[in-house]
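K.L.:
Provided below for reference: sequence and predicted model.
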Amino acid sequence: MERGSNSESTNKADKQKGKKLGSKIEPFVTQGDHNARDLRSWAKRTGFVSIFSGEVGTSRGRSSTNRDGFRGESGGGSMSPKIESDPVQATTRNRSFEIEPDSNRNRNNSEADPILPERGENERGNSEASANWNNGEHNKIDDEYVGRHESIDIAYPGGKGESEWNQPEMKYGIRDNPGFASLIYYGMQHYLSLAGSLIFIPLIIVPSMGGTDKDTSTVISTIMLVSGLTTILHSYFGTRLPLVQGSSFVFLAPALVISNSHEYRNLTQNKFRHIMRELQGAIIVSSIFQCLLGFSGLMSLFLRLINPVVVAPTIASIGLAFFSYGFPQAGSCIEISLPQILLVLIFSLHLRGVSILGHRVFQIYSVPLSIGIVWVYAFFLTAGGAYNYKGCISDIPNSNMLNDSCIKHAYTMRHCRTDASNAWKTADWVRVPYPLQWGIPIFNFKTSIIMIIVSLLASVDSVGTYYSTSTRVNSKPPTRGIVSRGIGMEGFCSILAGIWGTGGGSTTLTENTHTINITNVASRRSVELGAVILIIFSFVGKVGAILASIPQAMAASLLCFVWALITALGISTLRYTHTRSFRNIMIVGVSLFLGFSIPAYFQDYYQETAFILPGYLIPYSAASDGPIRSGNEQIDFVMNALLSMNMVVTFLVAIVLDNTVSCSQEERGVYLWSVVEDLSVDPSCLDDYSLPKKVSKVFGWAKCLGA
């Protein structure tokens with residue numbers, strides 16, 4: 001009875017006080033999007049002072065942490081529930097029975113506490129607010145929502161910190177359909193922003209394999225076809241995230257290592273086809289291994305060893321490994337490469353905030369825009385006679401054989417002239433890339449072992465991309481089974497890449513995460529429609545010929561930006577860790593340093609190679625010339641090749657140190673994948689990853705794949 005009377009008296013007091021404050025504080029009216037800026041503006045206008053931020057800022061002596069991760073007062077008295085007003089509905093509620101935030105929903109009793117900020121200067125104001133509460137002024141507006149966005153900087157291991165909460169909302173989610181016209185636009189948007197990753201790999205490996213300009217255009221068309229097919233397959237049967245599949249730079253280093261081995265170095269007749277068949281066989285074998293790793297569920301166990309501290313230096317080393325090719329090749333024609341580098345940096349950085357019709361055109365299309373402008377500029381230089389030399393013609397090989405005086409100018413002409421390539425003349429208008437177009441694959445033990453290790457690194461790269469993309473477009477990360485399903489599907493897609501002969505396996509392009517962050521478009525249908533358009537373009541041989549005609553200096557200067565972007569995306573993975581931890585920064589530093597220092601020893605062991613190969617290919621000749629001499633040629637080739645690749649050494653050092661140096665889960669920053677128990681709480685939380693109904697019935701038995 002007393003409780004009832006006390007409650008009635010409290011309600012009467014609240015009503016009387018509400019009348020007094022009615023003219024001072026008005027209820028917050030939501031606009032439907034729960035914009036944090038509107039809440040902050042309303043809180044400032046009403047004179048609201050955050051209490052929750054003061055509670056999290058208190059020291060251990062003054063506060064305690066409950067099992068849900070919230071901090072309550074523990075000094076001197078018992079903890080009592082706080083009655084506060086809801087800023088959205090202007091109604092009172094009991095705070096002790098609140099549901100925890102989404103970012104903290106999955107935490108169990110064994111997980112570490114969130115990383116809380118140190119006590120700031122605003123703690124004095126929070127203490128005053130606490131005093132006002134004790135004096136009876138308890139009818140303050142609840143700041144739970146505002147505090148989550150502004151006052152609190154909580155960073156869970158693998159969770160969302162303040163910076164991610166403040167990211168702009170997606171224009172279109174994974175399952176949204178913006179309309180056919182918009183789908184075409186956004187689909188092309190994805191692939192145009194990834195042009196550097198899709199078309200520049202053949203410009204590097206095909207000439208080093210002894211291929212002609214026609215071979216380069218054919219490989220580009222093949223990559224476009226396989227990229228479109230594998231993207232559609234992954235969007236339906238893989239993780240179902242809006243991620244583009246393609247030939248990643250992860251496979252570039254092993255392709256160069258294999259093509260520069262002793263047995264192929266002096267081969268002249270059908271050199272390109274023989275090396276391509278060797279790569280096809282190695283890719284098919286490694287893809288079968290990747291399929292078994294994913295579809296068997298073993299990837300779920302391997303995920304326990306993969307953390308942001310391992311992924312960050314591994315991805316960063318992929319971009320940094322090609323520094324010997326970047327500007328040394330771009331510097332061969334400085335009048336083209338320097339404007340290219342400046343333009344792509346100005347578009348992507350200085351003009352990134354400029355919007356045209358609501359779209360950040362310069363930031364999204366920095367690569368294709370800069371290519372178009374500089375290509376036209378290079379065409380005028382070529383047509384104006386800037387690279388005309390007496391007695392020399394644009395057909396570089398013939399001019400070298402017929403006129404010795406052209407030898408000193410051949411290097412400049414090959415890198416600068418826009419008509420140095422004869423791909424346009426030799427390519428067909430219509431050509432459909434078909435399986436085994438280069439011949440029957442060659443299966444070799446040593447090259448297969450190298451590709452198996454590289455496919456493992458590609459899986460590590462994809463794991464980091466899955467997580468960063470899911471946190472951007474979905475509140476729930478995928479389960480371990482869904483990740484395994486994605487890796488298994490990537491293995492199957494790589495088998496297709498090996499059968500068609502792209503020169504590399506198929507994997508998730510890391511740069512796609514950057515595209516989603518810029519465009520705020522994550523529609524799965526747009527990626528699929530863009531893949532269909534890419535497949536149609538692959539049948540037009542002249543499209544591949546145009547892309548194969550890009551001057552080498554311009555391609556090298558663009559690759560300087562693309563590889564720098566991959567490096568930046570790799571380092572950004574550290575945001576899921578405790579970046580102030582000496583353990584973490586030491587592991588990253590040691591793995592990156594040894595990842596470049598140890599391969600440098602293997603690459604420079606045989607100095608005579610410098611007189612045989614171009615400078616940018618010397619790092620990839622260590623497989624045959626390295627210091628390991630065990631007497632078994634197969635083992636020597638594999639060990640010298642693996643230890644001469646930066647990404648392999650970086651990954652090995654990082655994974656050993658990260659899994660042997662003890663620390664708390666909070667400091668380590670492990671990826672927090674969703675668990676099956678989430679379905680019992682919220683069955684719709686993983687709908688974005690669920691397979692189509694008919695496919696799900698077939699694979700319903702495979703619980704390890706999250707089917």
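P.N.:
Good, I have the coordinates. Residues are numbered from 1 along each chain as shown.
K.L.:
where's the nearest residue to residue 295 once chain neighbours are set aside relative to residue 424, distance?
P.N.:
In this structure, residue 295 finds its nearest non-sequential neighbour in residue 488, 3.9 Å apart by Cβ to Cβ, 6 or more residues apart in numbering. In short, each C-beta sits where N, CA and C put it, glycine included. Going from residue 488 to residue 424 by Cβ to Cβ, to the nearest Å gives 40 Å.
K.L.:
which of the two has more neighbours?
P.N.:
residue 488 (25 against 16; other Cβ atoms under 10 Å).
K.L.:
For that one, give me its contacts.
P.N.:
The contact partners of residue 488, by Cβ atoms under 8 Å, 6 or more residues apart in numbering, come to 290, 291, 293, 294, 295, 299, 705.
K.L.:
quick one: the helix or strand containing residue 484 to chain centroid distance?
P.N.:
Here residue 484, judged by DSSP states H and E, is contained in helix 480-500. Between the centre of helix 480-500 and the centre of its chain there are 17 Å (Cα atoms, centre = their mean, to the nearest Å).
K.L.:
What of stretch 461-476?
P.N.:
Centroid separation for stretch 461-476 versus its chain: 8 Å, with Cα atoms, centre = their mean.
K.L.:
what is the mean pLDDT for it?
P.N.:
Per-residue pLDDT over stretch 461-476 has a mean of 88.
K.L.:
Just the CA atoms of that stretch, as CSV, please.
P.N.:
This file holds the C-alpha atoms of stretch 461-476, laid out as CSV (Å, rounded to 0.1, in the frame of the first residue of the first chain):
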residue,chain,number,x,y,z
ASP,A,461,42.3,-10.8,-47.4
SER,A,462,38.7,-11.7,-48.1
VAL,A,463,38.0,-12.3,-44.4
GLY,A,464,39.0,-8.7,-43.6
THR,A,465,36.9,-7.4,-46.5
TYR,A,466,33.8,-9.4,-45.3
TYR,A,467,34.0,-8.0,-41.9
SER,A,468,34.6,-4.3,-42.8
THR,A,469,31.9,-4.5,-45.4
SER,A,470,29.3,-6.1,-43.1
THR,A,471,29.9,-3.5,-40.4
ARG,A,472,29.3,-0.8,-43.0
VAL,A,473,26.1,-2.1,-44.6
ASN,A,474,24.7,-4.4,-41.9
SER,A,475,24.4,-4.2,-38.1
LYS,A,476,25.2,-7.9,-37.8
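K.L.:
Identify each buried residue in it, please.
P.N.:
461-474, 476 (16 or more other Cβ atoms under 10 Å).
K.L.:
taking the residues you listed one by one, which sit in helices?
P.N.:
461-473 (DSSP state H).
K.L.:
Throw these into a markdown table and include distance to residue 654, thanks.
P.N.:
As requested, those are exported to a markdown table (distance: Cβ to Cβ, whole Å):
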| residue | distance to residue 654 |
| --- | --- |
| 461 | 13 |
| 462 | 17 |
| 463 | 14 |
| 464 | 12 |
| 465 | 17 |
| 466 | 19 |
| 467 | 17 |
| 468 | 18 |
| 469 | 22 |
| 470 | 22 |
| 471 | 22 |
| 472 | 24 |
| 473 | 27 |
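K.L.:
check contacts around the spatially most central residue of the chain.
P.N.:
When Cα atoms, centre = their mean is applied to the chain, the residue found nearest the centroid is residue 510 (3.2 Å). Residue 510 is in contact with 248, 315, 461, 464, 465, 566, 569, 570, counting by Cβ under 8 Å, 6+ apart.
K.L.:
Then residue 630?
P.N.:
636, 639.
K.L.:
try 7 Å this time
P.N.:
residue 636 (Cβ atoms under 7 Å, 6 or more residues apart in numbering).
K.L.:
any idea how far it is from residue 517?
P.N.:
With Cβ to Cβ as the criterion, residue 630 and residue 517 are 47 Å apart.
K.L.:
Low-confidence bits of the stretch 201-350 of the chain, can you list those?
P.N.:
Counting by pLDDT under 70, not a single residue of the stretch 201-350 of the chain qualifies.
K.L.:
State the pLDDT value of the residue nearest to the centre of the chain.
P.N.:
89.
K.L.:
if I pick residue 559, what's in contact with it?
P.N.:
Counting by Cβ under 7 Å, 6+ apart, the residues that residue 559 touches are 196, 200, 326.
K.L.:
now, among these, which is nearest to residue 242?
P.N.:
Checking the contacts of residue 559 against residue 242 by Cβ to Cβ gives residue 196 as the nearest, at 19.1 Å.
K.L.:
what's the burial count for the closest one?
P.N.:
Neighbour tally, residue 196, other Cβ under 10 Å: 24.
K.L.:
same thing with the one 3 residues further on?
P.N.:
Taking other Cβ under 10 Å as the criterion, the count of residues near residue 199 is 25.
K.L.:
That one reaches residue 221, doesn't it?
P.N.:
No: Residue 199 is not in contact with residue 221 according to Cβ atoms under 7 Å; the separation is 10.0 Å.
K.L.:
Below-threshold pLDDT in the stretch 351-500 of the chain: ranges please.
P.N.:
If you take pLDDT under 70 as the line, the stretch 351-500 of the chain has these spans: 394-404, 475.
K.L.:
In it, what residue spans correspond to helices?
P.N.:
361-364, 366-383, 396-402, 407-416, 423-426, 445-473, 480-500 (DSSP state H, counting those that start in this stretch).
K.L.:
Next, the angle from the helix holding residue 484 to helix 445-473.
P.N.:
130 degrees (axes from the mean of the first three to the mean of the last three Cα atoms, to 10 degrees).
K.L.:
Show me what the very next helix or strand once past helix 480-500 is packed against.
P.N.:
Downstream of helix 480-500, the next assigned helix or strand under DSSP H and E is strand 506-508. Helices and strands touching strand 506-508, by 3 or more Cβ pairs under 7 Å, 6 or more residues apart in numbering; DSSP states H and E, are strand 245-247, helix 445-473, helix 480-500.
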